[in-house]
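Participant: heads up, no residue letters with this:
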């Protein structure tokens, strides 16, 4: 039993933490929040120089050739710092889409640019309220061009290209397609979201030139979308975990320094017990995240289930941590000046960014039923523990 | 605005409370729980003598001719005493079925016996796990006889007759039918339930003689079942409210008398705040119950919605009160000797006895949508507040 | 048991409505709901509010429950509620006088000397002068009596230094009620003195506080050597806590509230309009369960309000049980907002006008609501109030009793 | 990161399994799950348990982490866990020695004199003598040090009077560890003395406690002038609290638990088999949401157990964070049981064999689980432990510090 990260991975995490403490204090997040800047450019460059963007990209495509455990610990630190950079879009989504489904030509073209941070990529699936996955897509791809509107697209205003989920000409099936966002037929605008420290856009494609992702023709776009969302869910869960842990630690510290009635408010049982409960939720999330990281790094058949677990657990923990942080800070927690709302906002953004928790719960049951059916049919072959 | 019971109604309630404190201390509930006795016969006689059983039955049928507000305050006290008698079955269900849907002949035959407590009636709808209403009934009524199995039937082992929901010969429709439980073709046995202080039975009908309830031929049995459950839901909600309030008050008292670390445990904030939260839930339930009583006594068109509100709110409050009572009593709360489990058991029995809270929540939304549609179409006529 | 007015109440309601019909315009169906969360009030709005208050005062509709001799109507509490119900159906400016008429005025009536009443009450009723409350401090929120703003006697005046916070309307107020620490050597509650301060005095500095939702409903107020004449003291020196209690007892949680039911309607509309897996979300069983739970709680709050009104109608004063509404209601709206956001799926993060479903109602509420769970008593304070004042459970152990205030710890021991 | 044994662990596991294969029978798929909730253990079961313990002791599988010289194997903590994992796959009698080997033995090893170790440890390891723990009292549960059972010195003996409660296995135990109050004039923690008591002594009376589910896993134990030789004292007079702490530190929450995942399987089966509005309930969106939430929590517990095992495997001793499992797990099972009951609709009240769905599993659990949320530390005590010992938050204010025990209030002031 070794259900923990290795010493090397922890060292990598420590390095990331140290770097971010120096280069991404919460003032950096706040600067993006309060200005029109879509992201922190210097921090993005720094992350690229440290090789974080290519953590899981093989060396032949310009990456560091590490694995997903390494990417997970960096993601946790990105989350802890509330780093205002397009890390999730470019690394968990665009890069993963290319790695898993791209043709070799596409990989060679895009991955080195993604690893170096020269290009930012994103994933465009959302079109309408109530959508949590690849259902009900109207954007269409035919004859080499893409038409339709995607909203919201995380980092869609700054990304150089997007992997877009679109109805392909072939029947009603979906495909993933690659399109340049700086090219013809693309109009995009930054739009407001609940967390302005991350940029969000509306992207309108009007016969924009595009190509299928991969060389096998129109693939199973719905299945590919699911697979991508699973992978991103595990990694984003680490971001959420980092954010939750940071919010929690700040609250612990604040409530010990804040006095009322002659004693620290953390000595009041009502507050102590809520902190104990919150700690439990974060620990449960951490354990489920580890499971997700294990499944992702082993490309295990349980990845689908593990992704649900990580995402559900971490979304809950981060949301709760943000809510409790404001409440336990009291009046100052509700001021713009204090940082509580940075966590409260980010938690909500991330909890819907890859589909809401309810959709993942539903998906979890579907997958458990499938897995049980598979196990039942395998029972004949018998299994020793 | 007069959203409260009248002085007369409160006096009636006080009388009921005093009587039950003397004649139905918790030892009476416990005696039924621990013995084979199906109910407390003396208490039943007493309730009959006081006129409680016929509270809402018109004088012409041997009742007291009061209304549902009077019945509601008595129900609250029945619940507070955890009275081990077939009050709900005979009064809220069987009597109501006859009052609302019976022919005059049937009313004249049954209601005086119900009011005097000479006969006990019950309502038999349940047949299989997962059922919460009139759906999926297989018991059938044709040619004047009834066949099928009903389980669980509250008080089915002691009732003299039952109102049974059955498929009538006419198409797939349902009807309510009256059948003698002491007659031919009826086999019944007492069975174990989570709350042995109330009796539960399995009743098997094998061509048992029966007659349609009412004289209009096979009615809308599903709609009638819904209507009956609504009426019973409001009244049972008062029972649940009474039980919740009693459990809460006992817990308040216990936690003030129990000392740990040199102080009453009720002085610990963790416990104080939970008691405050529980109080809020009970107050919300009380308010929703009042709404239910108002709608029932006015036969208001909002009764369907109000019944859902009462039942959902009271089931939650009583369940929670039972859980918290044991937990805050600590070790002794988990012993057979203490009374906490009487509340914990009764709460769970009542929360499923008329269909689980989830089914009432679903029904609530259906009714809200209907009511909104009706309001929208009435909007043309315009309404002043 | 009924929801109707008594004949007397109905007559009063008709009178109120008649006056309102001739003096204001009825709201239309598309009028925006009142802003729960406190936005900036500009000077034009203040002027409109003052005009409306003056008009009401002239017809004795301004301070209904006050005695006639101080400009009131001598009305009962239930009549005051009926007036508010009726007034809310008309287009009127925001009520910026609530603190003055609800808290400052009653305190002056109870503790003020005759000349103080004469000086302040008439212009308070007519809205010519606006009032604010200066109680909370950065380190004295839930523990209000831990306040540290100092008042030092200097001849006929007092010199005040310190900082107050969470002051609604400070920027347009003429007067403020102020609690200060006049004796740091006395025990916590014994060393306080209560003043009325002219908000235009030199040394009063007002800075708006930006809330997390961007709104600016509150202010910080700094006192730098502000001089207050001793004539403006309310109550005795050192007796400020008792005076403050009068103010706080009048800070009643709003009665008959439970506006949550309206929000449930919006949520049902969202669920009807949002497609979930190819069907309206309102057909989804999980969505129905959640909305039903919200509905039942919000109706529970509404009917609890009706029970309180009934008590009022019978002449009973509602007590600390009114804390229930704020405690349950705050969390309920937050949960509903979170649910509304999640129901929108990927689009739940949108706040962009024209793109966000329902004009980002839920997102805005989600950002606004934490303030409601804190201002005017945090959830934790409300639970204490319910436990100690409604349920009569033993009070919290107090470490700051019987100790000179200057010795009460206010932060971690220095190392 | 992997779920596999290290090579050393794998070798140890193989060794354990080999021994088990030759000495016990493997469980079949239909074997009942172990009873979490403590049922009555009859004398035949006790005998079988003793036989099995003896067999294990002879092959040094009885007290794995103990030193070899006292009958142990000198194994590591992770090896002990591996043994338990393997043993649980075989049909073995219930472990009635856990208190002896887990708590009494280690305390004797730490605080016992040589002759005490020689007298008690060997028969404890072999299971020839069975041990129980006599700490809790009716008025000293969460506040254990508030115990009142008195011990008065009388020559070479002590005379003990009082009542203990929640004693598992008292009815078949030979020895008990007992904390008494030997000096009521000392402060609460200073006046305690720790003994080993012969459970067959005159004056020891044992009465089973019936739980709300009808089970009898616990006892009350009354002491009426029970004489205990001073030779059976562990530690110094007045030093009993320190000795008791050793015992309690060994009362570790079970490690690697989280059996909840199994329960979720049962719930999924129930939902698959139960028809809801004409379809299997597992197709209902609301049912799916709830079960998914249960699953995620139960897996979270299981993986938290894996993290603890990893720490053990690396030689770290798990600390108070193990409280998480009991705190979260207890409430989780209660919520699942309530949900299971409700899922059955009208039939949710049934407990009748042959009629109740899934043999009334959820009803029985609903009645059993409140005990788990109380015994061995209530939810409230666990939250305190997490807050104070894991998160290092300030301790509760203590009124009973520095006061002679006899002056500590134990009930409301008499009127």
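Facilitator: Arrived safely. This one's a predicted model, so the numbers in the text were calculated from it and none came from an experiment.

Participant: doesn't residue C:107 make contact with residue C:247?
Facilitator: Yes - with contact defined as C-beta atoms under 8 Å, residue C:247 reaches residue C:107; the gap is 4.7 Å. In short, each C-beta sits where N, CA and C put it, glycine included.

Participant: where does the residue nearest the centre of chain A land in three-state SS?
Facilitator: Centrality entry for chain A: nearest residue to the mean C-alpha point is residue A:236, 3.2 Å, by C-alpha atoms, centre = their mean. Taking DSSP: H, G, I helix; E, B strand; the rest coil as the rule, one finds residue A:236 in the helix state.

Participant: Residue C:318: neighbour count?
Facilitator: Residue C:318: 18 surrounding residues under other C-beta atoms under 10 Å in any protein chain shown.

Participant: same deal with residue A:147?
Facilitator: 17.

Participant: how far away is it from residue A:139?
Facilitator: Distance, residue A:147 to residue A:139, by C-beta to C-beta, to the nearest Å: 7 Å.

Participant: what residues do the two have in common as contacts?
Facilitator: Common neighbours of residue A:147 and residue A:139, counting by C-beta atoms under 8 Å, 6 or more residues apart in numbering or on different chains, are residue A:205.

Participant: Now the phi/psi pair for residue 273, please.
Facilitator: I went with chain A, as the question did not name one. phi -70, psi -30 (degrees, to the nearest 10).

Participant: I was after chain C.
Facilitator: According to degrees, to the nearest 10, residue C:273 has phi -90, psi -20.

Participant: low-confidence ranges in the stretch 1-150 of chain C?
Facilitator: C:33-40 (pLDDT under 70).

Participant: Would you point out which residue of it is nearest chain D?
Facilitator: Going by C-beta to the nearest C-beta, chain D is nearest to residue C:143 of the stretch 1-150 of chain C, at 15.4 Å.

Participant: is it true that that residue touches residue A:264?
Facilitator: No - Residue C:143 lies out of contact with residue A:264 (C-beta under 8 Å); the separation is 11.9 Å.

Participant: Distance of the closest residue to chain B within the stretch 101-250 of chain C relative to residue A:22?
Facilitator: For the stretch 101-250 of chain C, the residue closest to chain B is residue C:142, as judged by C-beta to the nearest C-beta, at 12.7 Å. From residue C:142 across to residue A:22, the span is 36 Å (C-beta to C-beta).

Participant: Which one's more surrounded, the two?
Facilitator: Taking neighbours as other C-beta under 10 Å, residue C:142 and residue A:22 compare with residue C:142 leading, 18 against 9.

Participant: for the more buried one, what are its contacts?
Facilitator: A:260, A:330, C:377, C:378, C:380, C:381.

Participant: any idea where the helices of chain A begin and end?
Facilitator: A:7-23, A:26-34, A:41-49, A:68-80, A:87, A:96-101, A:104-116, A:221-257, A:269-297, A:303-329, A:340-353, A:357-378 (DSSP state H).

Participant: Switch these over to TSV; also include distance to residue C:77.
Facilitator: Converted to TSV, the helices of chain A look like this (distance: least, C-beta to C-beta, whole Å):
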stretch	distance to residue C:77
helix A:7-23	57
helix A:26-34	46
helix A:41-49	59
helix A:68-80	52
helix A:87	58
helix A:96-101	64
helix A:104-116	68
helix A:221-257	39
helix A:269-297	33
helix A:303-329	32
helix A:340-353	38
helix A:357-378	45
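
Participant: Can you lay out those as CSV showing distance to residue C:284 and mean pLDDT?
Facilitator: CSV is the format used below for the helices of chain A (distance: least, C-beta to C-beta, whole Å; pLDDT from 0 to 100):
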stretch, distance to residue C:284, mean pLDDT
helix A:7-23, 40, 97
helix A:26-34, 34, 98
helix A:41-49, 40, 97
helix A:68-80, 31, 98
helix A:87, 33, 98
helix A:96-101, 30, 97
helix A:104-116, 38, 97
helix A:221-257, 20, 97
helix A:269-297, 25, 97
helix A:303-329, 18, 98
helix A:340-353, 17, 98
helix A:357-378, 9, 93
